[in-house]
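Student: give me a model of this one.
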Amino acid sequence: MAKSTKEHLEDTFNDLGTEELKRFKNKLCDRKKGAGIRKAQIEKVADAIDLADLMVRTFTSTGAVPAAIEILEAIGCNEQAAELKENAGHGLPVAQPHQDVVDYGAGQGQKVEGQGQKVELTLSDDWHKQLHVVLCSQQFKDKIIRQNGQEIYEVKEKKVRKRLALLINNIDFDEKAMTRRGADTDEKNMEWLLKELDYQVVKHKNLSAKEMEKAVKDFARREEHAQSDSTFVVIMSHGKRDAILGVHYSTSDPSDTFLVDNIYRSLNTENCPGLRDKPKVILIQACRGGESGRMWASDGEPEEPEGIEGDDFVHKEKDFISLMSCTPDTKSYRHVENGTFYVQNVVDVLMNHAHEDHIEELFRKVIRRFDSTDMMGSYRQMACKDRASLPKLFYLFPGL
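Tutor: Below is the predicted model of the structure:
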């Protein structure tokens, strides 16, 4: 199985001598491109494992390798830089520490600026060609199925299945102040991830509430779902607590809103029989209010059923799981060039861990990222699971 970014970095740092490692850490503190890592963070680094972990948490898996190569070359460790470049790939985007962030709370067009220096990005247009989702081995899949049996959702063979994913991204609004700068990066990243996971992406951009409702209903009617084993629905826009804003939303006319409930209603057993008993993953990147500050997240306790259904009935809503970009009533932050914290972390976690974890564990890893002050800096946002009704474990088994 291919090594992860973190493992490649650990190998490289283990090859450095004591003085070289010291120079690397010093250079990391005063790095000129974007903000450097704080000295207090560096002082906590005890070994190569800690340093690799800090690099990945700071620059993400897409940017940690090129950042390390840049520093290695700057301190004269050209041999190690060349080896890392050969083993882990090159030409990747250098994702800077998360600073200079804006957010448009609840679609009101109010710009919220973060503290910190302006970030200069070094991006390569073909970075997706250099990266890939870590593939699952047949041995691992066989082992999981053997151990868990009926507790796992069926994953159809790649050669016979037809997976579909819906991607809606609202960037340009009638009110120019509501333009979601950086959202085009989110779209590229999310579309790349879905395709890597073997989903054909049905994509829409800049929709009104009525157009979003039509797009979701049309997607639910697609015949391919009968040959699928799962689906993803990804919607990115401004939002309120229980609604997503259409592009015609304005402070003077706030009627252009699409209720999140409509997603579940359109894809439930009654309206989308092709996805009956199949996982439906909902990813929503949108503010859910205007409050800021440290938030808590709770999945809640499931309600006790009122009765037991007979064999001639089926659950109207089942097999859903959603990951919201923030908790109710709070903001979701977006970098004006890198895109949202939410999409960056979802892509990074699924890219590196979907080969070994089921979807709820993947979501836990994403949520864990938002609990890291090293990653979030002074910003406070907590992704949270919502409306989960998966009775089984959903493994994506990428590549199989």
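
Student: what's the burial count for residue 229?
Tutor: Residues within reach of residue 229, counting by other C-beta atoms under 10 Å, total 20. In this view, the C-beta of every residue, glycine as well, is placed from N, C-alpha and C.

Student: meant to ask about residue 181, not that
Tutor: Neighbourhood size, residue 181 [other C-beta under 10 Å]: 14.

Student: ok, the one 4 residues further on next?
Tutor: By other C-beta under 10 Å, the residues close to residue 185 number 21.

Student: give the next helix or strand downstream of the helix or strand containing residue 61.
Tutor: According to DSSP states H and E, residue 61 maps onto helix 48-74. Toward the C-terminus, helix 48-74 is succeeded by helix 78-88 as the next helix or strand (DSSP H and E).

Student: could I have the CA atoms of that next one written out in CSV?
Tutor: Extracted in CSV, the C-alpha atoms of helix 78-88 (Å, rounded to 0.1, in the frame of the first residue of the first chain):
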residue,chain,number,x,y,z
ASN,A,78,19.2,19.0,-1.7
GLU,A,79,19.7,15.3,-1.6
GLN,A,80,16.8,14.8,0.9
ALA,A,81,14.7,17.3,-1.0
ALA,A,82,15.2,15.4,-4.3
GLU,A,83,14.4,12.1,-2.6
LEU,A,84,11.2,13.4,-1.1
LYS,A,85,10.2,15.0,-4.4
GLU,A,86,10.7,11.6,-6.2
ASN,A,87,9.0,9.5,-3.6
ALA,A,88,6.0,11.8,-2.7
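
Student: and the contacts of it?
Tutor: The contact list for helix 78-88 (C-beta atoms under 8 Å, 6 or more residues apart in numbering) reads 3, 5, 8-9, 11-12, 15-16, 65, 68-69, 72-73.

Student: buried ones in that helix?
Tutor: Across helix 78-88, burial judged by 16 or more other C-beta atoms under 10 Å covers 80, 81, 83, 84, 85, 88.

Student: now do that helix against helix 48-74, angle only.
Tutor: 120 degrees (axes from the mean of the first three to the mean of the last three C-alpha atoms, to 10 degrees).

Student: what does the average pLDDT come to for helix 78-88?
Tutor: The average pLDDT within helix 78-88 is 87.

Student: so for stretch 275-286, mean pLDDT?
Tutor: Average pLDDT, stretch 275-286: 96.

Student: tell me how far residue 247 lies from residue 324.
Tutor: 21 Å (C-beta to C-beta, to the nearest Å).

Student: out of the contacts of helix 78-88, which is nearest to residue 355?
Tutor: residue 3 (12.3 Å; C-beta to C-beta).

Student: which residues touch that closest one?
Tutor: Applying C-beta under 8 Å, 6+ apart to residue 3 gives the contacts 11, 87, 88.
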